[in-house]
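[1] From the sequence below, what's the structure:
(chains A and B)
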Amino acid sequence: MWLIFRLYSAKRPVENLRFRPPVPHTLWDEENEESFDANSYASPCLSGVEKIGENFGLDSDFSSRSEDCLYMNIWIPSSLLHDQTLKPVLFFIHGGSFIGGNANRRESNGRKLAEEEDVIVISVQYRLGIYGFGYVGRMRDENVGHFEQGNFAIQVHSINIHVSIINQGCSIGAANNS
Amino acid sequence: MFSNSDSVCSSVLFWLVAAYSIFVSIQWAKSLQSESTDSYLKTDNFEIIAADPISFKLNGASITGSYDNETGAIQLLGIPYGELVSFKD
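    Residues are numbered from 1 along each chain as shown, chains lettered A, B, ... in the order given. Here you go, the predicted structure:
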């Protein structure tokens, strides 16, 4: 668990960090004593082409979308309370044709899977559309959305060597797992 | 060669030693299990600090989540990547 939380730390990709790869931050560092209430979903990612997506029925509610969207949802089997052994991790990347979807939708929800299969399910959001996959020329690190998807998986694989990792996704999220 | 009392004595001793070795083995296994759980809970500064509402402590920070009503799974929603800090190139 500790490793997972450490891995996903990155600064919000807005202002000077727009179009930039996710930057590690100090949220979970030893000197940080912040308390975080993880009881509500975060904003889905803005893509810049919301109207197109809306016409294709990808999402119906764009009003809550935001650039500040690098969040994840985690479902942990309740067995962790009496059995603190390491659990397998299922890493889920949502679909949405690079311009839609989010980690809060029903197909991204891992609550049943976590409890029934005794695995930790992590559903992540990544920048979409122009913010995640736009080519801005002057940088080598365009397609930051891919970077976010891949970086999560690679780091989980490399650090949690003794834990089983399963990558899973829906639609384009499944394609990006390969 | 051996009297009846010797046989009884050796038999009693044998079973005493056997019972004692089983008892010691069980205690040793329990202590190993206990050490393993403790070390995991405290290793890397990760700790479950409360069960309801569910709270985890990671280094100095803490995260409070909830239980899913339908399945009972622990859910931590909207875990942030972080906070806005000026980018330094």
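
[2] Strands along chain B, start to end?
    Applying DSSP state E to chain B gives strands spanning B:46-51, B:54-58, B:61-64, B:66-67, B:74-80.

[3] most neighbours per residue, which of those?
    Comparing those by mean neighbour count (mean count of other Cβ atoms under 10 Å in any protein chain shown), strand B:74-80 ranks first with a mean of 22. For glycine as for every other residue, the C-beta is placed from the backbone atoms N, C-alpha and C.

[4] Compute the inter-axis angle for that strand and strand B:54-58.
    50 degrees (axes from the mean of the first three to the mean of the last three Cα atoms, to 10 degrees).

[5] looking at chain A, which helix or strand does the model trust least?
    Ranked by mean pLDDT, DSSP states H and E, the weakest helix or strand in chain A is helix A:2-7, scoring a mean of 42.

[6] C-terminal to that helix, what's the next element?
    Using DSSP states H and E, the helix or strand that follows helix A:2-7 in sequence is strand A:35-37.

[7] So for that following strand, mean pLDDT?
    For strand A:35-37, the mean pLDDT works out to 85.

[8] cool, and stretch A:40-57?
    80.

[9] Now do A:S43: how many residues are near it, please.
    If you count neighbours by other Cβ atoms under 10 Å in any protein chain shown, A:S43 ends up with 17.

[10] Correction: the previous question concerned A:E50.
    Count around A:E50 with other Cβ under 10 Å applied: 19.

[11] Now it: phi and psi?
    The phi and psi values for A:E50, taken as degrees, to the nearest 10, are phi -60, psi -40.

[12] can you confirm A:G100 is in a helix?
    No: per DSSP: H, G, I helix; E, B strand; the rest coil, A:G100 lies outside any helix segment and is coil.

[13] Show me where the chain has its helices.
    Just going to use chain A. A:2-7, A:50-55, A:111-117, A:129-133, A:144-159, A:172-175 (DSSP state H).

[14] meant chain B actually
    B:4-42.

[15] could you measure the nearest residue to B:A50 once chain neighbours are set aside against B:G78, distance?
    Nearest residue to B:A50 in three dimensions, chain neighbours excluded: B:T64, at 8.0 Å (Cβ to Cβ, 6 or more residues apart in numbering or on different chains). Applying Cβ to Cβ, to the nearest Å, the value for B:T64 to B:G78 is 12 Å.

[16] Mind listing the shared neighbours of the two?
    A:A38 (Cβ atoms under 8 Å, 6 or more residues apart in numbering or on different chains).

[17] partners of the residue nearest to B:A50 in the sheet?
    A:D37, B:S55 (DSSP bridges).

[18] low pLDDT regions in chain A?
    Across chain A, the ranges flagged by pLDDT under 70 are A:1-17, A:20-30, A:53-54, A:57-62, A:84, A:135-170, A:172-178.
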